[in-house]
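Student: generate a structure from the sequence data that follows.
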Amino acid sequence: MKLQVTQENLQKALNAVARVANTRGTLPILANVLISTSNNRLSIAATNLDIAITHYIGAKVSQEGSITVPARLMQDFVSSLPSGVIELDLQETKLHVSTEQYKSVVNGIVADDFPSMPAITTGKQWTVDGALFKKGLQQVVFAASNDETRPVLTGVLFQVIDGKLYIAATDSYRLAEKQLGANSEEVRLLIPASAMQDLLRVLGDGAEKVSVTHDDQQVLFQVGDVELVTRLVEGKYPDYRKLIPASFATKAVLKRSDFVNVTKVSSLFARESAGSVTIEVGETSGELSIRSVASQLGENTATATAQVTGSGSITLNSRYLLDALNALSGESVLFGFNGKLEPTLLQDSASKDYQHIIMPLKS
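Tutor: The predicted structure follows:
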């Protein structure tokens, strides 16, 4: 293998795939990236056997070939090189990397020992707008669980209901759902949240389309020159839509920035009580107030003006509340609940395409 490639392109590809390489696994080669050439293009790939990412970049290839090299070393090394042309020259299992000022040799392992990258040859295929998809993932993925004892909740659910694509995630304490526009396919996929976090890193800010292909066991996302394949999570996802209240006895509409500020201040006094804050909504006062008490530190009440219907109070985890408010993007937020032990809803007051549910704490 002998080729020339720009430092910028090689660094971008290594940054996209190297995080997937697994340094703590039982197979040492999984800590490597696969560098190979095909059709005058260079591909950089990594896998941890659950997720695989391949990034294609243009290169001036004078001799085809492939090798695997340590992911972390290669990523750190290439990012330290000055911009310009890098020459890669493979001699047996040693990859010679040279620029005008640097000459290095990286010891590799033959590519034959690297797990074959998964491929989906047949299956359903559809596309989704890249900018909308990225925004939706950012609003949903963080609500998935990290608890491996309940693997179903570590996934993000993709499903089409009445011709519209929805993505949702829950850890059983909170739930986030986003609508991603029209889709005519029958879709119900449970995808690991960790794979969606990796996909978020490679999704640019441009509005390029994301192509999705899936069968019964895995799903392939194609974004520009990047391909990500991941296994699907097995199991039945809970029917979360039953949790979402149709109407509310108590509602408040207020500026999102005001809600964020009063929650932030109150959360400082809520550290002792695991983030517990009590939110009071008063129709006569036209205010939403948040109270937190810390026996050692003192107590705090913060108030914001709101358009209020009904009165009541509810106790929530302030960290979950802040996460939800930061995921919303509109200027004003609708906050609604029914009773002290009923689910709470937050959504942009002007848009219904994203909703966030938080389960209350027992006060």
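
Student: assign residue 18 to helix, strand or coil.
Tutor: Three-state call for residue 18 (DSSP: H, G, I helix; E, B strand; the rest coil): helix.

Student: which pLDDT value goes with it?
Tutor: Looking at residue 18, its pLDDT reads 92.

Student: what about it, how many residues nearby?
Tutor: Applying other C-beta atoms under 10 Å, we find 23 residues neighbouring residue 18. Backbone N, C-alpha and C define where each C-beta goes, glycine included.

Student: contacting residues for it?
Tutor: Residue 18 makes contact with 33, 46, 71-72, 74-75 under the criterion C-beta atoms under 8 Å, 6 or more residues apart in numbering.

Student: ok, now how distant is it from residue 44?
Tutor: Note on residue 18: its distance to residue 44, by C-beta to C-beta, to the nearest Å, is 8 Å.

Student: now do the contacts for residue 282.
Tutor: 289, 308, 311.

Student: per-residue pLDDT, it?
Tutor: 92.

Student: show me what it is bridged to.
Tutor: residue 287 (DSSP bridges).

Student: hang on, the earlier thing: who wins for most neighbours among the contacts of residue 18?
Tutor: Going by other C-beta under 10 Å, residue 33 tops these with 28 neighbours.

Student: so what's residue 190 bridging to?
Tutor: For residue 190, the beta-bridge partners under DSSP bridges are residue 157.

Student: and residue 91, by the same measure?
Tutor: With DSSP bridges applied, the residues forming beta bridges to residue 91 are residue 94.

Student: what about it, neighbour count?
Tutor: Neighbours of residue 91 (other C-beta under 10 Å): 10.

Student: same deal with residue 136?
Tutor: Other residues lying near residue 136 total 24 when counted by other C-beta under 10 Å.

Student: next one: residue 360
Tutor: A count of nearby residues for residue 360, using other C-beta under 10 Å, gives 20.

Student: where does it land in three-state SS?
Tutor: Reduced to three states by three-state DSSP, residue 360 is coil.

Student: hmm, back to that, could you flag which of the contacts of residue 282 are buried?
Tutor: 289, 308 (16 or more other C-beta atoms under 10 Å).

Student: for the stretch 151-300 of the chain, what spans make up the helices?
Tutor: Here the stretch 151-300 of the chain has its helices, by DSSP state H, counting those that start in this stretch, at 193-202, 256-268.

Student: compile the ones you listed into a markdown table and extend it with columns for mean neighbour count and mean pLDDT.
Tutor: Shown next, in a markdown table, are those (neighbours: other C-beta atoms under 10 Å; pLDDT from 0 to 100):
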| stretch | mean neighbour count | mean pLDDT |
| --- | --- | --- |
| helix 193-202 | 20 | 93 |
| helix 256-268 | 18 | 93 |
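
Student: between the ones you listed, which one is nearest to residue 62?
Tutor: Of all these, it is helix 193-202 that lies closest to residue 62, at 28.6 Å by C-beta to C-beta.
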